[in-house]
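Engineer: Fold the following and give me the result.
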Amino acid sequence: MDIAQWPTNRLLNTAARLSANRENEQLRRLGTTHAGLLTLRVLGRTRSITQVELARELRVQAQTIGKLLERLENRGLILRTRSDDDRRVFYVNLTAEGEAILQRAEDMEEEQAQATGRSDSILREELIAHIRELGGFPHSSEERPNLRMISSDQS
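Structural biologist: Take a look at the predicted model:
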């Protein structure tokens, strides 16, 4: 079947998979993946966040985030510390190495946008509207750029 005949949901799924695969190829050189970069971006916006809050922000299960954070911590990109008040609570912070990787990833994205001469802003707005129409995310007064769903097998 010709791609022009595909239903919209198949086009979206294929585009998402191909985009994530391309991004992961680029990020592998930095020692992380799509899911790892999303986590670093959230941590880059916050001073300190609990593991549970981070999972909620990334829209994943708490046990999923634990595996991801372990891999990021082993790479020296984040630091997890136990709360003095509640030993079950872990706070997650970006390390200097994590900040450097985040900056390098953002630089790569900017270079790619300049090289292709394309802006994804129109596509992004259409996708955000489509996701909201499907009930995936409520409208909010504060937009959170670059926040996407992650799967448990990525770090």
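
Engineer: Distance check, E70 against T8.
Structural biologist: 37 Å (Cβ to Cβ, to the nearest Å). Using the backbone N, CA and C atoms, a C-beta is placed for each residue, glycine as well.

Engineer: Compare neighbour counts for these two and give me the winner.
Structural biologist: E70 (13 against 8; other Cβ atoms under 10 Å).

Engineer: what helix or strand does the most centrally placed residue in the chain sit in?
Structural biologist: When Cα atoms, centre = their mean is applied to the chain, the residue found nearest the centroid is L38 (2.2 Å). Using DSSP states H and E, L38 sits in helix 34-45.

Engineer: How about residues contacting stretch 96-103?
Structural biologist: Outside stretch 96-103, the residues that touch it by Cβ atoms under 8 Å, 6 or more residues apart in numbering are 30-32, 37, 40-41, 43-44, 72, 75-78, 94.

Engineer: Over to R56: give its phi and psi.
Structural biologist: Backbone geometry at R56, expressed as degrees, to the nearest 10, gives phi -60, psi -40.

Engineer: Tell me how many other residues surround it.
Structural biologist: 13.

Engineer: now do E57
Structural biologist: By other Cβ under 10 Å, the residues close to E57 number 19.

Engineer: please renumber so the chain begins at 653
Structural biologist: Will do, 653 is the new start, and the previous item becomes E709.

Engineer: so what's it closest to, chain neighbours aside?
Structural biologist: Excluding its sequence neighbours, the residue lying closest to E709 (Cβ to Cβ, 6 or more residues apart in numbering) is V694, at 5.2 Å.

Engineer: Surely L690 and V712 touch.
Structural biologist: No. Between L690 and V712 there is no contact under Cβ atoms under 8 Å: 9.6 Å.

Engineer: For the helix or strand Q766 falls within, list every residue counted as buried.
Structural biologist: Q766 is part of helix 748-768 when elements are defined by DSSP H and E. For helix 748-768, burial by neighbour count (16 or more other Cβ atoms under 10 Å) applies to G750, I753, L754, A757.
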